[in-house]
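Q: pasting the sequence and the predicted model now:
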Amino acid sequence: MGKFPVFDAEISKVKVCRRCKGRNSINNEKCRRCGYKFLRSKNKVVKRKK
């Protein structure tokens, strides 16, 4: 998890388009940018810098 749990909860409410990598609302059925139907949920693990 990241440094701020409030922001981690907001990040988890996002879906990402597999084609154009656009960020979409969790309720969207297709991408708002390119119209692609296959969306994935945002990765829950936040990578930290070393």
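A: Looks like it arrived, so ask away. Computed from a predicted model, the values in this text were never measured in an experiment.
Q: alpha carbons of the helix or strand bottoming out on mean pLDDT in the chain, as CSV, please.
A: Least confident helix or strand of the chain, by mean pLDDT, DSSP states H and E, is helix 5-11 with a mean of 79. Written as CSV, here are the backbone C-alpha positions of helix 5-11 (Å, rounded to 0.1, in the frame of the first residue of the first chain):
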residue,chain,number,x,y,z
PRO,A,5,-4.7,5.1,2.7
VAL,A,6,-7.4,7.7,1.7
PHE,A,7,-5.8,8.0,-1.8
ASP,A,8,-5.3,4.2,-2.1
ALA,A,9,-9.1,3.8,-1.7
GLU,A,10,-9.6,6.4,-4.5
ILE,A,11,-7.1,4.6,-6.8
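Q: right, and the helix or strand after it?
A: strand 14-17 (DSSP states H and E).
Q: show me what that next one is packed up against.
A: Applying 3 or more C-beta pairs under 8 Å, 6 or more residues apart in numbering; DSSP states H and E, one finds that strand 14-17 contacts strand 23-25, strand 39-41. Every C-beta, even on glycine, is put in place using the N, C-alpha and C of the backbone.
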